[in-house]
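>>> next input, structure requested:
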Amino acid sequence: MSSNNFNSEQQRTRESSRLNIMNIANNANNNNQTRHRICLINNNATIDRIARITTPQITSNPFENDFFNGASFHYDNRLESLILPTGFFS
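You can find the predicted model right below:
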């Protein structure tokens with residue numbers, strides 16, 4: 001009869017442990033979801049300010065110039081000038 005009591009005690013302990021682990025996992029999930037919601041930032045104002053920058057960046061080569069200031073194109077009838085940015089062959 002004492003072995004029956006021992007088995008039921010083990011089952012209660014296992015169930016208690018299982019519930020504790022489930023509670024820990026649920027708390028971790030809730031924390032992660034809350035943290036994810038808090039980390040969302042509205043960058044519209046920052047992107048708008050960046051888009052309004054009109055001062056050209058001073059660079060030392062054509063690649064950097066095209067990267068920071070945008071590529072400019074020649075408008076003549078040559079194929080290269082229609083598909084390649086200014087300074088590509090210089």
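>>> going forward, measure contacts and count neighbours with C-alpha atoms only.
Noted.
>>> now do the same contact list for residue 69.
Listed by Cα atoms under 8 Å, 6 or more residues apart in numbering, the contact set of residue 69 reads 56-57.
>>> against residue 17, how distant is it?
From residue 69 over to residue 17 the distance is 62 Å, taken as Cα to Cα, to the nearest Å.
>>> residue 31 now?
For residue 31 relative to residue 17 (Cα to Cα), the value is 21 Å.
>>> same check on residue 34?
For residue 34, the distance to residue 17 (Cα to Cα) stands at 26 Å.
>>> same question for residue 23.
Going from residue 23 to residue 17 by Cα to Cα gives 10 Å.
>>> what do you get for residue 41?
Counting by Cα to Cα, the separation of residue 41 from residue 17 is 39 Å.
>>> so for the two, which sits in the more crowded spot?
residue 17 (12 against 7; other Cα atoms under 10 Å).
>>> so what's that one scoring on pLDDT?
If you check residue 17, the pLDDT there is 83.
>>> kindly report the domain assignment for the chain.
Domain ranges of the chain: 1-40, 56-90, per automatic domain parsing.
>>> and these, which one is worst for confidence?
Among those, domain 56-90 scores lowest, with a mean of 71.
>>> show me where this structure has helices.
2-39, 44-51, 62-69, 79-83 (DSSP state H).
>>> and those, which is most packed in?
Compared across those, helix 62-69 shows the largest average neighbour count, a mean of 15 (mean count of other Cα atoms under 10 Å).
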